[in-house]
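Engineer: Model the structure of this input:
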Amino acid sequence: MKKRHLFSKLILITVLLLLGILFVAKFGGPSLLRMYIKNGVGSCEKIPILCMQPEKKIIGLGVNKKYLAELIPYKSPRMSLAIPKGFNVTQETIKKVYYKKAKHKHPGSIIYLLCKEPKFFINLFPQIARHGINDDYEFIKHTMFANLNTIKDLTDAFFVIMKGVFIPDLGDQKNVKMAEFAIADKKGFINYNLGDLENYFDCNIISEQGKFFKMYIKDKGGSLDLNKVLTIISTAKAASQAQ
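Structural biologist: Sure thing, here's the model as predicted:
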(Lines give C-alpha, C1' and ligand atoms only; values in the text may rest on other atoms or scores of the structure.)
Protein backbone atom coordinates (compact mmCIF):
# COMPACT_ATOMS: atom_id res chain seq x y z
CA MET A 1 0.00 0.00 0.00
CA LYS A 2 2.83 2.37 0.81
CA LYS A 3 4.39 1.89 -2.62
CA ARG A 4 1.07 2.45 -4.33
CA HIS A 5 0.48 5.56 -2.21
CA LEU A 6 3.87 7.00 -3.17
CA PHE A 7 3.26 6.69 -6.88
CA SER A 8 -0.54 6.76 -6.75
CA LYS A 9 -0.94 9.49 -9.33
CA LEU A 10 1.63 7.99 -11.71
CA ILE A 11 0.14 4.52 -11.45
CA LEU A 12 -3.45 5.74 -11.82
CA ILE A 13 -2.61 7.58 -15.03
CA THR A 14 -0.65 4.59 -16.34
CA VAL A 15 -3.40 2.07 -15.54
CA LEU A 16 -6.14 4.17 -17.12
CA LEU A 17 -4.12 4.66 -20.27
CA LEU A 18 -3.19 0.97 -20.41
CA LEU A 19 -6.83 -0.06 -20.17
CA GLY A 20 -7.52 2.04 -23.21
CA ILE A 21 -4.48 0.59 -24.96
CA LEU A 22 -5.68 -2.97 -24.34
CA PHE A 23 -8.93 -2.12 -26.09
CA VAL A 24 -7.13 -0.41 -28.97
CA ALA A 25 -4.63 -3.25 -29.35
CA LYS A 26 -7.42 -5.81 -29.55
CA PHE A 27 -9.15 -4.08 -32.44
CA GLY A 28 -6.30 -2.22 -34.12
CA GLY A 29 -2.57 -2.22 -34.77
CA PRO A 30 0.55 -0.11 -34.12
CA SER A 31 -0.81 2.95 -35.94
CA LEU A 32 -3.91 3.00 -33.71
CA LEU A 33 -1.74 2.51 -30.61
CA ARG A 34 0.36 5.54 -31.59
CA MET A 35 -2.76 7.57 -32.29
CA TYR A 36 -4.25 6.62 -28.91
CA ILE A 37 -1.12 7.72 -27.04
CA LYS A 38 -0.93 10.96 -29.00
CA ASN A 39 -4.47 11.75 -27.86
CA GLY A 40 -3.98 10.49 -24.28
CA VAL A 41 -0.42 11.55 -23.45
CA GLY A 42 0.67 13.93 -26.19
CA SER A 43 2.39 14.10 -29.56
CA CYS A 44 6.08 14.57 -30.27
CA GLU A 45 5.32 18.15 -31.27
CA LYS A 46 3.83 18.92 -27.85
CA ILE A 47 6.12 16.63 -25.82
CA PRO A 48 9.35 16.26 -27.87
CA ILE A 49 11.00 13.95 -25.35
CA LEU A 50 8.53 11.19 -26.32
CA CYS A 51 10.52 10.81 -29.53
CA MET A 52 13.99 11.41 -28.05
CA GLN A 53 16.47 8.81 -26.87
CA PRO A 54 19.81 8.90 -25.04
CA GLU A 55 22.35 10.18 -27.55
CA LYS A 56 25.60 9.38 -25.77
CA LYS A 57 27.27 7.51 -22.93
CA ILE A 58 29.14 9.45 -20.25
CA ILE A 59 31.65 6.87 -19.10
CA GLY A 60 34.96 7.50 -17.36
CA LEU A 61 34.25 11.09 -16.33
CA GLY A 62 35.76 11.33 -12.87
CA VAL A 63 34.45 13.02 -9.74
CA ASN A 64 35.27 16.73 -9.57
CA LYS A 65 37.16 16.70 -6.27
CA LYS A 66 37.47 20.49 -6.09
CA TYR A 67 33.70 20.89 -6.44
CA LEU A 68 33.09 17.98 -4.07
CA ALA A 69 34.85 19.94 -1.31
CA GLU A 70 32.35 22.80 -1.75
CA LEU A 71 29.28 20.62 -1.18
CA ILE A 72 27.30 20.38 2.05
CA PRO A 73 26.45 17.00 3.63
CA TYR A 74 22.74 16.18 3.62
CA LYS A 75 21.25 13.26 5.52
CA SER A 76 17.74 11.90 5.91
CA PRO A 77 16.36 8.65 7.37
CA ARG A 78 16.48 7.08 3.89
CA MET A 79 19.61 8.44 2.26
CA SER A 80 22.53 10.83 2.34
CA LEU A 81 24.39 12.87 -0.25
CA ALA A 82 26.29 16.12 -0.67
CA ILE A 83 24.38 19.11 -2.08
CA PRO A 84 25.27 22.61 -3.30
CA LYS A 85 24.68 25.67 -1.14
CA GLY A 86 21.43 27.53 -1.76
CA PHE A 87 19.35 24.50 -2.82
CA ASN A 88 16.19 23.44 -1.00
CA VAL A 89 15.65 19.69 -0.66
CA THR A 90 12.40 17.75 -0.68
CA GLN A 91 12.14 13.99 -0.41
CA GLU A 92 9.73 11.09 -0.91
CA THR A 93 6.51 12.97 -1.77
CA ILE A 94 5.86 13.76 -5.41
CA LYS A 95 4.07 17.10 -5.62
CA LYS A 96 3.05 18.77 -8.83
CA VAL A 97 4.60 22.07 -7.75
CA TYR A 98 8.03 20.41 -7.84
CA TYR A 99 7.61 17.65 -10.30
CA LYS A 100 5.63 18.95 -13.25
CA LYS A 101 4.83 22.28 -14.77
CA ALA A 102 2.45 24.09 -12.46
CA LYS A 103 0.86 27.47 -12.09
CA HIS A 104 2.72 28.21 -8.86
CA LYS A 105 6.28 27.03 -9.21
CA HIS A 106 8.81 26.90 -6.42
CA PRO A 107 10.67 30.23 -6.65
CA GLY A 108 14.18 28.96 -5.92
CA SER A 109 16.59 26.17 -6.73
CA ILE A 110 15.43 22.78 -5.55
CA ILE A 111 16.53 19.15 -5.42
CA TYR A 112 13.85 16.45 -5.28
CA LEU A 113 15.07 13.08 -3.99
CA LEU A 114 13.70 9.57 -4.04
CA CYS A 115 15.33 6.37 -2.78
CA LYS A 116 13.76 2.93 -3.21
CA GLU A 117 14.77 -0.67 -2.62
CA PRO A 118 16.01 -2.96 -5.43
CA LYS A 119 13.35 -4.15 -7.90
CA PHE A 120 10.95 -1.40 -6.89
CA PHE A 121 9.56 -1.02 -10.42
CA ILE A 122 9.68 -4.75 -11.12
CA ASN A 123 7.53 -5.33 -8.03
CA LEU A 124 5.10 -2.59 -9.09
CA PHE A 125 4.73 -4.04 -12.60
CA PRO A 126 5.56 -7.78 -12.25
CA GLN A 127 3.99 -8.61 -15.62
CA ILE A 128 6.92 -6.87 -17.34
CA ALA A 129 9.23 -9.76 -16.36
CA ARG A 130 7.61 -11.80 -19.14
CA HIS A 131 9.44 -9.55 -21.56
CA GLY A 132 12.88 -10.23 -20.09
CA ILE A 133 13.00 -7.11 -17.91
CA ASN A 134 14.08 -8.35 -14.49
CA ASP A 135 15.68 -5.38 -12.72
CA ASP A 136 15.13 -1.65 -12.29
CA TYR A 137 18.04 -0.69 -14.54
CA GLU A 138 16.48 -2.48 -17.50
CA PHE A 139 13.10 -0.98 -16.62
CA ILE A 140 14.53 2.56 -16.62
CA LYS A 141 16.54 1.83 -19.78
CA HIS A 142 13.43 0.72 -21.65
CA THR A 143 11.62 3.83 -20.40
CA MET A 144 14.34 6.22 -21.57
CA PHE A 145 14.70 4.54 -24.98
CA ALA A 146 10.93 4.42 -25.57
CA ASN A 147 9.91 6.23 -28.75
CA LEU A 148 6.38 7.13 -29.79
CA ASN A 149 7.28 6.86 -33.48
CA THR A 150 8.43 3.24 -33.21
CA ILE A 151 5.62 1.67 -31.17
CA LYS A 152 4.91 -1.85 -32.42
CA ASP A 153 3.14 -3.55 -29.52
CA LEU A 154 1.72 -3.16 -26.00
CA THR A 155 5.14 -3.28 -24.34
CA ASP A 156 6.39 -0.39 -26.48
CA ALA A 157 3.23 1.56 -25.68
CA PHE A 158 3.59 0.89 -21.95
CA PHE A 159 7.08 2.36 -21.82
CA VAL A 160 6.14 5.42 -23.87
CA ILE A 161 3.39 6.10 -21.32
CA MET A 162 5.87 5.60 -18.46
CA LYS A 163 8.23 8.04 -20.14
CA GLY A 164 5.51 10.65 -20.47
CA VAL A 165 4.49 10.54 -16.80
CA PHE A 166 7.89 9.72 -15.23
CA ILE A 167 10.11 12.47 -16.68
CA PRO A 168 9.55 15.79 -14.84
CA ASP A 169 9.52 19.38 -16.06
CA LEU A 170 12.73 20.05 -18.00
CA GLY A 171 11.87 23.47 -19.38
CA ASP A 172 11.83 23.76 -23.17
CA GLN A 173 12.06 20.11 -24.21
CA LYS A 174 13.43 21.01 -27.62
CA ASN A 175 16.73 21.76 -25.88
CA VAL A 176 16.79 18.62 -23.71
CA LYS A 177 19.68 16.17 -23.99
CA MET A 178 19.47 12.54 -22.88
CA ALA A 179 22.49 10.47 -21.88
CA GLU A 180 23.49 7.21 -20.25
CA PHE A 181 26.15 7.51 -17.54
CA ALA A 182 28.34 5.58 -15.15
CA ILE A 183 30.26 7.17 -12.28
CA ALA A 184 31.76 5.67 -9.12
CA ASP A 185 29.52 2.73 -8.13
CA LYS A 186 26.45 4.03 -9.95
CA LYS A 187 24.97 3.97 -13.42
CA GLY A 188 21.80 5.24 -15.00
CA PHE A 189 20.31 7.90 -17.24
CA ILE A 190 20.33 11.67 -17.04
CA ASN A 191 18.08 14.06 -18.95
CA TYR A 192 19.17 17.69 -18.83
CA ASN A 193 18.54 21.15 -20.21
CA LEU A 194 21.25 23.77 -19.87
CA GLY A 195 19.82 27.27 -20.34
CA ASP A 196 21.03 30.83 -20.02
CA LEU A 197 19.20 31.51 -16.74
CA GLU A 198 18.30 28.09 -15.33
CA ASN A 199 19.19 24.44 -15.73
CA TYR A 200 17.18 21.25 -15.27
CA PHE A 201 18.48 17.75 -14.48
CA ASP A 202 16.45 14.54 -14.21
CA CYS A 203 18.75 11.82 -12.85
CA ASN A 204 17.68 8.18 -12.67
CA ILE A 205 20.32 6.25 -10.78
CA ILE A 206 20.92 2.60 -9.97
CA SER A 207 23.53 1.78 -7.33
CA GLU A 208 25.83 -1.21 -7.35
CA GLN A 209 23.51 -2.77 -4.75
CA GLY A 210 20.51 -2.30 -7.08
CA LYS A 211 18.90 0.56 -5.16
CA PHE A 212 17.06 3.19 -7.20
CA PHE A 213 17.62 6.91 -6.68
CA LYS A 214 15.81 9.65 -8.52
CA MET A 215 17.23 13.14 -8.32
CA TYR A 216 15.43 16.05 -9.99
CA ILE A 217 17.30 19.35 -9.88
CA LYS A 218 15.93 22.74 -10.86
CA ASP A 219 18.90 25.11 -10.89
CA LYS A 220 17.46 28.62 -11.02
CA GLY A 221 20.83 30.35 -11.01
CA GLY A 222 22.40 28.23 -13.73
CA SER A 223 25.31 27.38 -11.42
CA LEU A 224 25.49 23.66 -12.23
CA ASP A 225 26.87 21.81 -15.21
CA LEU A 226 26.88 18.13 -16.13
CA ASN A 227 30.17 17.34 -14.37
CA LYS A 228 28.99 18.99 -11.13
CA VAL A 229 25.70 17.08 -11.18
CA LEU A 230 27.51 13.78 -11.77
CA THR A 231 29.74 14.63 -8.81
CA ILE A 232 26.61 15.14 -6.67
CA ILE A 233 25.22 11.82 -7.94
CA SER A 234 28.43 10.05 -6.91
CA THR A 235 27.79 10.98 -3.25
CA ALA A 236 24.29 9.46 -3.02
CA LYS A 237 24.03 6.61 -0.50
CA ALA A 238 21.12 4.71 0.99
CA ALA A 239 20.84 4.98 4.78
CA SER A 240 22.18 1.46 5.21
CA GLN A 241 25.35 2.45 3.35
CA ALA A 242 25.75 5.76 5.14
CA GLN A 243 26.49 4.32 8.58
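Engineer: Low-confidence stretches in the protein?
Structural biologist: The model of the chain has pLDDT under 70 over residues 1-29, 92-107, 241-243.
Engineer: quick one, strands of it?
Structural biologist: Here the chain has its strands, by DSSP state E, at 56-59, 72-75, 79-83, 88-91, 110-116, 177-183, 186-194, 199-207, 212-219, 237-238.
Engineer: Let me have those strands in a markdown table, adding mean neighbour count and distance to residue 49 as columns.
Structural biologist: To be clear about C-beta, it is placed using only N, CA and C from the backbone, and glycine gets the same treatment. Formatted as a markdown table, the strands of the chain follow (neighbours: other Cβ atoms under 10 Å; distance: least, Cβ to Cβ, whole Å):
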| stretch | mean neighbour count | distance to residue 49 |
| --- | --- | --- |
| strand 56-59 | 12 | 16 |
| strand 72-75 | 12 | 28 |
| strand 79-83 | 19 | 26 |
| strand 88-91 | 14 | 23 |
| strand 110-116 | 21 | 18 |
| strand 177-183 | 18 | 8 |
| strand 186-194 | 21 | 7 |
| strand 199-207 | 23 | 10 |
| strand 212-219 | 23 | 14 |
| strand 237-238 | 18 | 28 |
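Engineer: mind putting those strands in a markdown table, distance to residue 130 included?
Structural biologist: Below are the strands of the chain laid out as a markdown table (distance: least, Cβ to Cβ, whole Å):
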| stretch | distance to residue 130 |
| --- | --- |
| strand 56-59 | 28 |
| strand 72-75 | 39 |
| strand 79-83 | 32 |
| strand 88-91 | 33 |
| strand 110-116 | 22 |
| strand 177-183 | 25 |
| strand 186-194 | 23 |
| strand 199-207 | 21 |
| strand 212-219 | 21 |
| strand 237-238 | 29 |
